[in-house]
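>>> I need the structure of the sequence given here:
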Amino acid sequence: MSFVLAVDAGQTGTIALLARPSGEIVGVGRGAGCERIETEAGLRQTTAALTAAVTGALASVEPRPAKLVSAYLALTAGIEIADRVVRDLVAVEALTAEHDVYAALASGSRGRPGVGLIAGTGAVAVAVSSDGTREVRGGWGHLLGDEGSGYWLGMRALHAAAAVEDGRVERSALYDAVLDYFNAPDLRAISRRVYANQIDRPERAGFAPIVLRLAAEGDPLASTIVDDASAELARLVLATARSARIDDPADHVVVTAGGLMRAGNPLLSRLELLLSKALPGWRVVVPPHPPVVGALYLALRQASVEVDDLVETNLATTMARHEASLRKR
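The predicted structure follows:
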C-alpha cells in the first residue's frame with residue numbers, strides 16, 4: 001500500500017504525518033524541536049527529533065511501511081541533514097526538504113500558487129507563481145529588517161516607553177505594561193539590561209501579544225504601533241505579490257501564518273483592510289489547518305495527487321481522529 005510522509009520541524013517541536021494518497025491520515029509521530037546543526041549538540045538534537053517523529057508515524061501502521069512514494073519535510077533548521085536522516089529510516093521515491101515558509105503557504109492554498117506571509121518573531125513573505133517560480137521577500141532578521149514582526153513590535157514598545165519617560169509623548173497603559181513585563185522600576189533600568197545583553201530577542205518579541213491586546217483595548221501608543229506594523233507588513237505582501245505571476249484569479253490569495261496572525265487580533269484586521277485596497281480581488285486566508293498539513297498537501301502534490309474536495313474531506317475527517325496527537329504541546 002502507498003503512503004506519503006509530511007514533517008513540520010520547528011524550534012519548539014517536530015510533528016510527522018503518515019497518510020495514504022487518498023488524504024487519510026493513518027499515523028502521527030512527535031519529536032523535540034530542531035536546532036541549528038553548526039554545533040554537535042544541535043546536530044544530535046535535530047537528528048533525534050526527526051528520527052523520533054518519523055519513526056513514531058511509521059510505527060502507526062502494521063506492518064511498518066518499507067517504502068514511501070513521497071516525503072515532504074518543512075524545517076526551520078536542519079534542512080542540510082533531513083534528507084539523510086529520513087532516508088536512513090525508510091526508502092522514499094521522492095523527497096523534498098526545505099524551509100517551512102512554503103508549507104505555511106500551502107496550509108491555506110492546498111499547495112497551489114499564492115502569497116504567504118509569516119509573521120512571528122520575524123517576518124517573511126513568499127510567493128509561488130503559476131509556473132512554480134518562487135520569490136522570497138523579507139526575512140532579513142532583526143538587524144536588517146523584520147518590520148512588523150514580534151521583535152519589531154516589542155522594540156517599538158520600548159521606544160514608546162522611553163518617549164513617555166522623557167515626556168515627549170503622553171503616558172498610557174503601554175508604559176506601565178512595559179515596566180511590569182520586564183519587572184523594572186523605570187526605563188533606565190531596562191536600558192541597562194538591554195545594552196548588557198540581558199534581555200534577549202525572544203523576550204523582547206514576547207511583549208508583542210501585550211501590544212496587540214492593548215491596541216484592541218484602544219491604548220493610543222499601542223494602536224499607533226500596530227497601525228505602523230500593519231502598514232509595514234502590507235508593503236511586504238504587496239512587493240511579494242508584484243514579484244509573482246499568478247494567472248488564475250482563484251489563486252489570488254494571501255495566506256497568513258505565524259504567532260501574530262491570529263484571527264481577530266487588531267494587527268490582522270488592519271492588515272486585511274490595507275490589502276483589500278492595495279490588492280483588490282485578493283483574499284486573505286487564515287489557514288484552517290496547522291502547517292504540517294501544508295507539508296502534507298505538498299507531499300501529495302509531489303506524488304502527483306490532486307488535492308481535491310474528496311482528499312480534503314478525508315484529511316479533515318482523519319485529522320479529527322488524531323486531534324489529541326496533533327494538538328501543540
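
>>> For Thr96, which three-state class applies?
strand (DSSP: H, G, I helix; E, B strand; the rest coil).

>>> tally of neighbours for it?
17 (other Cβ atoms under 10 Å). The way it works is simple: take the backbone N, C-alpha and C, and place the C-beta from them, glycine included.

>>> Give the bridge partners for it, please.
The residues listed as beta-bridge partners of Thr96 by DSSP bridges are Tyr72.

>>> Have a look at this structure and report the helix or strand with the lowest mean pLDDT.
In the chain, the helix or strand scored least confidently by mean pLDDT, DSSP states H and E is helix 323-326, which has a mean of 64.

>>> Going along the chain, name the strands of the protein.
With DSSP state E, the ranges of strands along the chain come out as 4-9, 14-19, 25-31, 67-68, 70-75, 91-92, 95-99, 114-119, 123-128, 134-138, 253-257, 283-285.

>>> and the first one, how far out from the chain's middle?
What that stands for is strand 4-9. Relative to its chain's centre, strand 4-9 lies at 15 Å (Cα atoms, centre = their mean, to the nearest Å).

>>> What residues of stretch 240-260 count as buried?
Neighbour-count burial for stretch 240-260, with 16 or more other Cβ atoms under 10 Å as criterion, is recorded at 240-241, 243-244, 246, 251-258, 260.

>>> can you redo the strands of the chain as TSV with mean pLDDT and distance to Arg235?
Formatted as TSV, the strands of the chain follow (pLDDT from 0 to 100; distance: least, Cβ to Cβ, whole Å):
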stretch	mean pLDDT	distance to Arg235
strand 4-9	93	28
strand 14-19	93	33
strand 25-31	91	37
strand 67-68	92	41
strand 70-75	93	26
strand 91-92	94	40
strand 95-99	91	22
strand 114-119	91	11
strand 123-128	90	10
strand 134-138	89	10
strand 253-257	91	13
strand 283-285	91	15
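
>>> Any stretches of this protein with poor pLDDT?
Within the chain, the stretches with pLDDT under 70 are 1, 322-329.

>>> And the longest helix seen in it, what does it pack against?
Of all the segments of type helix in the chain, defined by DSSP state H, the longest one is helix 220-243. Secondary-structure packing of helix 220-243 (3 or more Cβ pairs under 8 Å, 6 or more residues apart in numbering; DSSP states H and E): strand 114-119, strand 123-128, strand 134-138, helix 150-166, helix 173-181, helix 208-216, helix 266-278.

>>> Alright, calling it a day.
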